[in-house]
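Student: sharing a sequence plus its predicted fold:
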Amino acid sequence: MARNLTQLELLIELEAVAEQNVNRHLSMAKEWHPHDYVPWDEGRNFAALDGTDWELGQSKLNEVARAAMITNLLTEDNLPSYHRTIAEGFSRDSAWGTWVNRWTAEENRHGIAIRDYLVVTRSVDPVELENARMVHMTNGYSPYTLVRRQGRPDLLMNTGLLQSVTYVTFQELATRVSHRNTGRVCDEANADRLLQRIAADENLHMIFYRNVCGAALDLVPEQAMPVVKDIIMQFQMPGAGMPNWRRNGVLMAKHGIYDLRQHLEEVLWPVLRKWQVFERNDFGPAGEAAREELGEFLENLKRDCERFEEQRDRSLAREAARREKAADLVSTRV
Ligand SMILES: [Fe+2]
Ligand SMILES: [Fe+2]
């Protein structure tokens with residue numbers, strides 16, 4: 001049986017694929033500038049500069065859109081932690097280093113653009129946003145924290161290239177879905193345009209990682225498949241644990257920004273199909289066992305989707321009935 005490749009061997013073996021995909025990315029990426037996406041004429045001073053401080057009535061966004069925007073922005077804000085994790089898993093040299101820096105610069109643009117938009121348009125409370133950013137960035141992000149929180153510290157004790165490219169493939173695609181749908185619920189043309197632009201970037205990022213990870217599966221299927229299985233089974237968005245994470249996550253799931261079925265059908269399956277995980281015949285015993293376990297996990301997830309949707313439908317119906325009743329009360333009193 002072939003032995004597992006070391007981190008260094010993997011980096012050397014996959015360097016040509018990384019280079020090819022950096023070049024692909026650079027040829028596909030569109031230049032864009034955050035300032036072009038912000039309606040600056042809606043801006044005005046806050047009280048510290050003799051203007052008016054924020055209050056809820058100034059926001060044009062509904063509660064769900066505000067929660068999603070804050071979640072997406074705080075997720076982007078934690079970039080220094082992601083940069084560290086990716087840089088540790090990759091290399092600072094060659095195409096690997098070029099990618100890490102270019103990707104970091106593009107991700108930084110996302111946070112800049114969303115923050116400028118939200119503050120200028122007074123869409124969210126800037127004090128609450130800044131306080132949450134401080135808490136979230138001080139906590140930082142690390143794959144170890146994520147698995148510790150799930151009570152399975154054994155899962156990722158060996159973080160490296162394979163773990164990083166697998167996780168980020170799914171995370172970039174998840175972020176794309178989340179930005180895209182947040183733009184839709186904002187019901188505001190500038191926000192939608194900005195988030196569509198960012199979602200297009202996230203898709204290109206996903207393609208880079210998906211191609212590198214696909215090449216790793218071809219190179220060392222027996223070594224890579226258990227990693228793919230572990231990453232999927234323990235997947236959590238990188239923003240997990242940020243202030244109001246649970247509350248905002250429930251709102252986003254309830255209103256179709258990011259829910260379990262989207263995770264399964266728009267994030268997990270398209271990538272697994274592209275890698276031909278369930279069609280390939282190059283696995284040994286460890287790869288076979290991991291694929292089988294993953295298959296069962298995906299079946300269970302499908303059942304969980306149905307359960308979640310039934311609960312969601314009931315809860316939304318109850319809320320609609322409550323709103324109708326409240327409206328009736330108002331109309332009989334007027
Ligand atoms: Fe981003
Ligand atoms: Fe991205």
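Tutor: Arrived safely. Ligands and ions are numbered 1, 2, ... in the order given.

Student: distance of the residue of the stretch 1-150 of the chain found nearest ligand 1 relative to T75?
Tutor: Nearest residue of the stretch 1-150 of the chain to ligand 1 (C-beta to the ion) works out as H110 at 3.7 Å. Backbone N, C-alpha and C define where each C-beta goes, glycine included. Using C-beta to C-beta, to the nearest Å, H110 is found at 9 Å from T75.

Student: what does stretch 37-57 contact?
Tutor: Stretch 37-57 has contacts (C-beta atoms under 8 Å, 6 or more residues apart in numbering) with 113, 116-117, 119-122, 125-127, 190, 193-194, 197.

Student: which helix or which strand is home to the residue of the stretch 1-150 of the chain closest to ligand 1?
Tutor: Assignment of secondary structure by DSSP states H and E places H110 within helix 94-120.

Student: contact residues of the stretch 101-250 of the chain facing ligand 1?
Tutor: E107, H110 (C-beta under 5 Å from the ion).

Student: show me the shaky parts of the stretch 101-250 of the chain.
Tutor: In the predicted model of the stretch 101-250 of the chain, residues 145-159 satisfy pLDDT under 70.

Student: repeat the analysis, applying 80 as the threshold.
Tutor: 143-159 (pLDDT under 80).

Student: which ones are touching the nearest residue to T182 once chain neighbours are set aside?
Tutor: Using C-beta to C-beta, 6 or more residues apart in numbering and skipping the chain neighbours, the partner closest in space to T182 is A68 (4.1 Å). A68 makes contact with S178, N181, T182, V185, N248, L251, M252, I257 under the criterion C-beta under 8 Å, 6+ apart.

Student: just the buried subset of those, please.
Tutor: Among those, those classed as buried by neighbour count (16 or more other C-beta atoms under 10 Å) are S178, N181, T182, V185, N248, L251, M252, I257.

Student: following the helix holding H110, which helix or strand comes up?
Tutor: helix 126-139.

Student: helices and strands around that next one, which ones?
Tutor: Helix 126-139 is packed against helix 63-77, helix 94-120, with contacts defined by 3 or more C-beta pairs under 8 Å, 6 or more residues apart in numbering; DSSP states H and E.
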